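Participant: Here's my sequence, what's the structure:
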Amino acid sequence: MKFKTENLFLDSDAARELFIRVASRLPIIDYHNHLDVSAIAEDRRDFSIARLWVVSDPYKHRAMRIDGVPEREINGGASDSEKFAAWARTCPRTWGNPLFHWSAMELRSIFGIDDVLCETNAPGIMEKCDSILARENLTANAILRRWNVEALCTSEDLLADVSVHAAATSKAGSFTVLPSLRGDSILAFSSPNFPEWLSRLGAGRAIKSMDAYFGALAERLDAFGGASCKIADHSLDSGFYYELPGVSEADNIFKNIVGGGPVCARDVSKLVSFVLLKLAGEYRKRGWALQLHIGAERNTSSRLRGLAGPAGGYATIGNPCDMPSIVRFFDDAEKNGGLPKVILHTLNPSDNEAFATLTGSFSEDGVWGKIQFGPAWWYNDHLEGIREHLRALSGYGLLSRFVGMTTDSRSLFSFSRHEYFRRILCGYIGGLAERGEIPGDFDFLAKAVSDISYSNAKNWIFNL
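Facilitator: Got it, this is the predicted structure:
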């Protein structure tokens with residue numbers, strides 16, 4: 001069965017012209033992903049479509065579980081070809097889900113395949129893809145060049161070796177690879193892994209006070225800054241509540257934690273608030289932007305967590321954001337002169353309008369789009385989720401200043417999400433023009449598409 005995607009989501013003449021003449025030709029700026037930077041630095045070769053496309057993709061794994069596929073064929077001991085075959089059985093059933101469109105675009109863009117993957121054609125498609133990967137020497141960087149990547153940021157723990165990013169940029173040649181700080185470990189005070197992480201941070205020095213902690217953090221932030229980091233990211237999952245303690249109270253809570261004493265949830269919340277506020281000031285001082293991913297409920301099935309690890313595709317949407325908490329955090333940071341540029345992501349779509357209005361609540365002279373309502377994230381990055389995001393930002397903010405899409409993925413093939421987003425964007429803007437709601441002047445429309453798809457992120461984040 002063939003599935004042609006040339007006109008996907010392009011339901012007007014204006015939309016088709018905008019995509020063909022503008023959006024499809026733009027390079028990609030991807031400011032948040034989970035790619036393995038070592039794979040780029042080494043320009044790794046893995047000529048197995050099963051490993052590159054299926055084995056490590058939690059989006060596919062989630063769909064396969066819903067489809068009843070045994071865990072052995074997802075994260076278990078089945079062979080790579082068995083896992084590919086299992087995905088092939090599920091793939092045709094994903095119609096209506098973005099996985100159906102992403103898969104079609106990835107097979108077409110990288111391998112020139114227009115067939116819908118299914119159980120009967122899986123062996124032939126796997127053989128063809130593996131042959132093309134090997135014959136055309138599609139290394140990690142060759143695949144990224146096919147997507148027309150210009151710059152990307154890989155998400156890294158505070159203790160990661162970020163010197164490898166310069167090597168990755170040198171090896172890539174045609175695109176820039178920078179680190180972004182994934183700061184979850186910094187605030188993971190209730191995690192059983194925190195003592196071991198803190199010991200590694202200290203590198204032989206005991207960290208027993210807030211001052212010592214901030215001193216050690218600053219050293220690692222300097223290392224990220226030396227590697228041209230531009231952005232930090234923190235996940236504030238479902239239930240985040242901001243309550244700022246005094247300096248001495250925060251220090252006492254921290255000492256109690258590192259000393260192994262009992263700690264209540266409220267104390268942890270206070271300490272997270274205190275440290276996050278301090279970090280906001282550090283990011284502001286360094287000229288970094290702050291990303292906040294809000295609203296995930298990650299602790300669902302403990303069985304699947306044990307089988308698939310912490311990012312195995314079984315999380316769900318959590319509670320709406322506690323808006324007074326976010327506002328108090330931003331306000332305290334602003335009063336202290338330490339509010340950096342911010343990108344807000346929500347997993348709960350009921351936050352859309354509130355986040356869109358928040359983009360106008362903390363402005364700064366001469367800084368456009370200081371607070372960004374980031375792209376439709378995770379479970380929202382489907383057709384209607386993206387359209388709802390665009391509508392909210394249009395109605396309550398300035399869509400023209402939006403920094404656009406990012407992959408938030410571990411897969412080299414996931415850059416199809418930029419094409420997916422750009423198609424929906426062209427459909428949205430083209431539709432406005434076709435209905436006479438905005439001018440139909442092509443140059444006017446082309447600038448809007450180019451800014452949102454490419455230029456805004458380039459200027460706002462990278463200053464390239």
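Participant: which residues in the stretch 201-350 of the chain form helices?
Facilitator: Remark: helices assigned in the stretch 201-350 of the chain by DSSP state H, counting those that start in this stretch are 210-226, 247-258, 265-286, 302-308, 323-335.
Participant: Need the winner for burial among the ones you listed.
Facilitator: Across these, the average number of neighbours (mean count of other C-beta atoms under 10 Å) peaks for helix 265-286, which reaches a mean of 19. Yep, even glycine has a C-beta here, placed from its N, CA and C like the rest.
Participant: Between helix 323-335 and that one, find me the angle.
Facilitator: Between the direction of helix 265-286 and that of helix 323-335, the angle (axes from the mean of the first three to the mean of the last three C-alpha atoms, to 10 degrees) works out to 40 degrees.
Participant: the strands in this structure, which residues?
Facilitator: Counting by DSSP state E, the chain forms strands over residues 28-33, 149-157, 176-182, 231-236, 289-294, 296-297, 316-317, 342-346, 371-373, given from the N-terminal end onward.
Participant: quick one: average pLDDT of the fifth one?
Facilitator: The reference is to strand 289-294. For strand 289-294, mean pLDDT rounds to 98.
Participant: pretty sure Asp30 is touching Ser414, no?
Facilitator: No - Asp30 is beyond contact range of Ser414, at 9.2 Å (criterion: C-beta atoms under 8 Å).
Participant: Compare those two (neighbour count), which wins?
Facilitator: Under the criterion of other C-beta atoms under 10 Å, the comparison of Asp30 against Ser414 puts Asp30 first, with 26 against 22.
Participant: Report the beta-bridge partner residues of the more buried one.
Facilitator: Using DSSP bridges, the beta-bridge partners of Asp30 come out as Leu152.
Participant: which ones are touching it?
Facilitator: Under the criterion of C-beta atoms under 8 Å, 6 or more residues apart in numbering, the neighbours of Asp30 are 149, 151-153, 406-407, 415, 418.
Participant: ok, these vs Ile113, which is closest?
Facilitator: Each of those was checked against Ile113 using C-beta to C-beta; the closest is Phe415, at 17.0 Å.
Participant: Please name the nearest non-neighbouring residue to that closest one.
Facilitator: For Phe415, ignoring the flanking residues on the chain, the nearest one in space by C-beta to C-beta, 6 or more residues apart in numbering is Trp147 at 3.8 Å.
Participant: cool, and Ala216?
Facilitator: In space, and not counting its chain neighbours, Ala216 is closest to Leu201: 5.1 Å by C-beta to C-beta, 6+ apart.
Participant: what about that neighbour, neighbour count?
Facilitator: When neighbours are counted by other C-beta under 10 Å, Leu201 registers 19.
Participant: what's the distance between it and Ile294?
Facilitator: Distance, Leu201 to Ile294, using C-beta to C-beta, to the nearest Å: 25 Å.
Participant: swap in Met323?
Facilitator: Between Met323 and Ile294 the distance, using C-beta to C-beta, works out to 10 Å.
Participant: What residues sit buried inside stretch 340-350?
Facilitator: By 16 or more other C-beta atoms under 10 Å, the buried positions in stretch 340-350 come out as 340-349.
Participant: So which residue is dead centre in this structure?
Facilitator: Closest to where the C-alpha atoms of the chain average out (C-alpha atoms, centre = their mean) is Asp408, at 2.5 Å.
Participant: how about it, phi and psi?
Facilitator: phi 50, psi 50 (degrees, to the nearest 10).
Participant: Let me have the strands of the chain in TSV, extended by distance to Glu73.
Facilitator: TSV is the format used below for the strands of the chain (distance: least, C-beta to C-beta, whole Å):
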stretch	distance to Glu73
strand 28-33	26
strand 149-157	28
strand 176-182	30
strand 231-236	29
strand 289-294	30
strand 296-297	26
strand 316-317	23
strand 342-346	32
strand 371-373	38
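Participant: rewinding a little: between Asp30 and Ser414, what contacts are shared?
Facilitator: In terms of C-beta under 8 Å, 6+ apart, Asp30 and Ser414 are both contacted by the residues Thr407.
Participant: In contact with Phe214: list those residues for me.
Facilitator: For Phe214, the contact set (C-beta under 8 Å, 6+ apart) comprises Lys278.
Participant: Actually, Arg423.
Facilitator: Residues counted as contacts of Arg423 (C-beta under 8 Å, 6+ apart) are 8-10, 19, 23.
Participant: now Ala166
Facilitator: Ala166 makes contacts with Ala227, as judged by C-beta under 8 Å, 6+ apart.
Participant: tell me the pLDDT at it?
Facilitator: In the predicted model, Ala166 carries a pLDDT score of 98.
Participant: before we move on, back to that, just want to check the distance between the residue nearest to the residue nearest to the centre of the chain when sequence neighbours are not counted and Glu434.
Facilitator: Of all residues not flanking Asp408 in the chain, His32 sits nearest, at 5.5 Å (C-beta to C-beta, 6+ apart). Relative to Glu434, His32 is positioned 32 Å away (C-beta to C-beta).
Participant: before we move on, what about Ile294?
Facilitator: Distance check for Ile294 against Glu434: by C-beta to C-beta, it reads 35 Å.
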